[in-house]
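Q: fold the following for me, if possible:
(chains A and B)
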2 protein chains.
Amino acid sequence: MAKLPATVMEALLKKAGAKRVSESAKDELNNALKKKVETITQKAMTFSKHAGRKTLKKEDIDLASG
Amino acid sequence: MAKLPATVMEALLKKAGAKRVSESAKDELNNALKKKVETITQKAMTFSKHAGRKTLKKEDIDLASG
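A: Predicted coordinates for the structure are as follows:
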């Protein structure tokens, strides 16, 4: 799984309103997001297959992330 | 909110098992992840405040993303 850089994690947390962020919090957000991506992707693939497609589309992600 | 690049989205989706991915699916994953980050961060800030801290720590993210 691609690792998102810690600087991106920090930027995301600060944009979302966090003032101070520990190093381990960035790692943990990275882990949490990787898990979310896996869950969303697996659900989305089920939905695209259900719709008779092999390509993941916007509506699959939409349904999977809701 | 920082925008994660479409190439990163595609890599994440493919690492998670997707074979083919439309452009709009990458955008939608980006939107979904931004919302998740906002939700996780806001919950984590509530938890860090509750623990008498001003710094977001691993355990706050953990609790918020569970």
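
Q: so which residues of chain A form helices?
A: For chain A, the helices defined by DSSP state H cover A:6-15, A:23-50, A:58-65.

Q: looking at the ones you listed, which one has the lowest mean pLDDT?
A: Per-stretch mean pLDDT for those is lowest at helix A:6-15 (a mean of 87).

Q: near chain B at all, that helix?
A: Yes. Residues of helix A:6-15 contacting chain B under Cβ under 8 Å from any Cβ of the partner chain: A:8, A:11-13, A:15. C-beta coordinates here come from the backbone N, C-alpha and C atoms, glycine included.

Q: in this structure residue A:21 contacts residue B:58, no?
A: No. Assessed by Cβ atoms under 8 Å, residue A:21 is found out of contact with residue B:58, at 10.3 Å.

Q: neighbour count for those two, which is higher?
A: Legend: neighbour count by other Cβ atoms under 10 Å in any protein chain shown for residue A:21 and residue B:58, higher for residue A:21 (24 against 17).

Q: list the contacts of the more buried one.
A: Shown in contact with residue A:21 (Cβ atoms under 8 Å, 6 or more residues apart in numbering or on different chains): A:10, A:13-14, B:55-56.

Q: likewise for residue A:43?
A: A:63-64.

Q: how far away is it from residue B:40?
A: 19 Å (Cβ to Cβ, to the nearest Å).

Q: repeat that for residue A:30.
A: 11 Å.

Q: one more: residue A:47?
A: 24 Å.

Q: which one's more surrounded, these two?
A: Legend: neighbour count by other Cβ under 10 Å for residue A:47 and residue B:40, higher for residue B:40 (25 against 18).

Q: these two touch, right, that one and residue B:63?
A: No. Counting by Cβ under 8 Å, residue B:40 stays clear of residue B:63, with 9.7 Å between them.

Q: still on that earlier bit, the contacts of residue A:21, buried ones only, as a ChimeraX selection?
A: Typed into ChimeraX, the line below selects the buried ones among the contacts of residue A:21, using 16 or more other Cβ atoms under 10 Å in any protein chain shown:
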select /A:10,13 /B:56
